[in-house]
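> this is the structure alone, sequence omitted:
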């Protein structure tokens with residue numbers, strides 16, 4: 001199992017006494033504890049023997065990643081926004097799950113977007129965009145340098161003794177030459193990072209911005225080196241975070257391809273779920289059967305799931321982020337599955353389908369489902385260039401409000417117009433979430449973009465987002481008819497804006513009740 005080790009800066013660069021909980025936040029732990037329980041061989045004879053008898057490394061270097069040219073263009077667009085400034089984008093660090101075991105590593109999304117590295121590549125690595133030319137001028141853009149920890153030689157103790165980085169423990173790490181060939185970046189050893197990011201960073205020197213919270217030790221190092229007021233530091237770094245978010249609002253060709261792959265794998269995962277429903281009904285924790293049926297597909301075809309799977313049966317569907325998934329799955333009820341496969345590039349789908357466990361909707365279930373579908377279709381009609389992102393929500397809410405007024409669920413005398421007014425919003429009791437969010441390398445992508453670029457932004461070709469209205473009538477809600485209580489429905493699709501409209505990327509999965517029933521019957525044979 002893996003153990004806590006020093007940060008990439010080394011123990012000498014960390015605070016003498018890390019604050020309480022620092023290991024959980026940063027994955028670093030300063031000085032190693034004196035108590036040692038591992039039973040590793042330490043004799044000189046062993047060290048000589050373990051370093052000998054290995055075959056040669058493979059010759060050559062890998063071909064460039066398909067993402068490399070797209071990542072270069074993204075870096076150039078970012079560079080143009082910050083002339084003459086140093087930009088620091090860490091991949092992040094391994095984070096402790098419990099005691100000496102780590103969570104599976106996933107690089108920071110900004111790092112992955114700008115380098116093209118996905119899966120679990122590369123803990124502790126840092127991308128630095130160094131301005132060309134003289135201080136204070138743009139000098140023709142930036143030089144991009146990747147600082148990372150290459151593999152150690154077989155004659156180095158790390159090879160066999162380091163359970164976090166050693167080759168015998170976690171596999172072969174690339175060399176500097178290999179990572180450079182893969183990414184198209186200049187690659188340097190992580191040992192050079194400290195000087196590279198702090199040089200001339202004091203008062204009156206170069207402006208340095210960092211993606212904060214990815215690596216706490218780097219945040220602290222730069223805060224000391226920059227010697228700026230706290231407000232100035234936060235403002236500079238927040239502007240970088242905003243720019244990185246907005247860089248992803250319109251997807252490039254490679255990103256769209258990756259999202260298509262993620263959605264296709266997700267569709268196959270939903271098919272697996274339908275096939276597993278009979279087993280789920282028999283199981284004590286049937287929701288776990290649903291969850292693992294999908295997640296097995298995600299691990300086989302991708303990096304894993306893009307977020308914790310929601311497998312919410314019966315009344316659990318009315319809890320928006322139900323991820324405990326420990327309930328029963330019963331015939332006659334609905335099961336709401338909100339799930340997405342994250343492919344190796346870290347792009348994720350985000351799809352929700354609400355399915356009748358028995359294979360057929362009851363009258364009450366169909367009644368609720370068709371209103372949610374109507375709301376989704378209304379949002380689809382405005383998902384085209386020239387409309388605003390906000391309109392997606394507004395159009396769906398008009399449908400939800402009108403149908404709830406028809407059903408008599410709002411307070412006496414409240415009209416559709418009154419509930420849609422910002423001083424009303426009664427209908428939001430049954431749909432408190434929004435209708436859409438951007439989608440990409442994060443399931444809630446571009447979250448730090450400015451309001452005028454996101455909520456009030458005009459839709460452009462290449463934008464990808466969800467459309468996901470819902471209705472949730474909790475089992476204890478006495479304001480709704482008894483036959484509707486415990487019914488929760490959400491329909492979520494992944495949508496690409498095109499030149500003259502939109503494409504439903506998740507149309508691989510049926511949306512309409514009759515189609516769902518036929519699809520489920522075909523999968524069950």
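Great, that's in hand. All of these numbers come straight from a predicted model, not from anything done at the bench.
> can you report how many residues lie near the nearest residue to residue 238 once chain neighbours are set aside?
Spatial nearest neighbour of residue 238, excluding adjacent residues (CB to CB, 6 or more residues apart in numbering): residue 448 at 7.9 Å. Heads up, the C-betas are built off the backbone N, CA and C, glycines and all. By other CB atoms under 10 Å, 14 other residues sit near residue 448.
> pretty sure residue 448 contacts residue 241?
Yes: using CB atoms under 8 Å, residue 448 is in contact with residue 241, at 4.9 Å.
> coming back round to it: which ones are touching the residue nearest to residue 238?
Residue 448 makes contacts with 238, 241, 242, 244, 245, as judged by CB atoms under 8 Å, 6 or more residues apart in numbering.
> next: residue 61.
By CB under 8 Å, 6+ apart, the neighbours of residue 61 are 177, 178, 180, 181, 182.
> the residues you listed, buried ones only, as a PyMOL selection?
Entered in PyMOL, the line below selects the buried ones among these, by 16 or more other CB atoms under 10 Å:
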select buried, resi 178+180+181+182
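> okay, buried residues for the helix or strand hosting residue 270 please.
Applying DSSP states H and E as the criterion places residue 270 in helix 253-282. Across helix 253-282, burial judged by 16+ other CB under 10 Å covers 254-274, 276-277, 280-281.
> tell me what it is packed against?
Secondary-structure packing of helix 253-282 (3 or more CB pairs under 8 Å, 6 or more residues apart in numbering; DSSP states H and E): helix 68-81, helix 286-301, strand 334-339, strand 341-342, strand 351-356, strand 464-467, strand 493-497, helix 513-524.
> rounded mean pLDDT for the shortest one, please.
Summarised as a single mean, pLDDT over strand 341-342 is 98.
> tell me how far it is from the chain's mean position?
9 Å (CA atoms, centre = their mean, to the nearest Å).
> also the second one?
Computed by CA atoms, centre = their mean, the separation of helix 286-301 from the middle of its chain amounts to 18 Å.
> buried residues, it. List them.
Within helix 286-301, the residues scored as buried using 16+ other CB under 10 Å are 286-295, 297-298, 301.
> ok so, going back, can you add pLDDT and distance to residue 125 and give the contacts of residue 61 back as CSV?
Compiled in CSV, the contacts of residue 61 are given as follows (pLDDT from 0 to 100; distance: CB to CB, whole Å):
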residue, pLDDT, distance to residue 125
177, 97, 15
178, 97, 13
180, 98, 12
181, 98, 15
182, 98, 12
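> Throw the contacts of residue 61 into TSV and include distance to residue 384, thanks.
Shown next, in TSV, are the contacts of residue 61 (distance: CB to CB, whole Å):
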residue	distance to residue 384
177	47
178	44
180	42
181	42
182	38
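> show me where the stretch 301-450 of the chain has helices.
For the stretch 301-450 of the chain, applying DSSP state H, counting those that start in this stretch gives helices covering 363-381, 389-406, 416-420.
> ok, residues contacting the first one?
With contact meaning CB under 8 Å, 6+ apart, helix 363-381 is reached by 334, 354, 356, 361, 392-393, 395-400, 403, 435-436, 467-471, 473, 483-484, 487, 489-491, 493, 495, 502, 504, 511-513.
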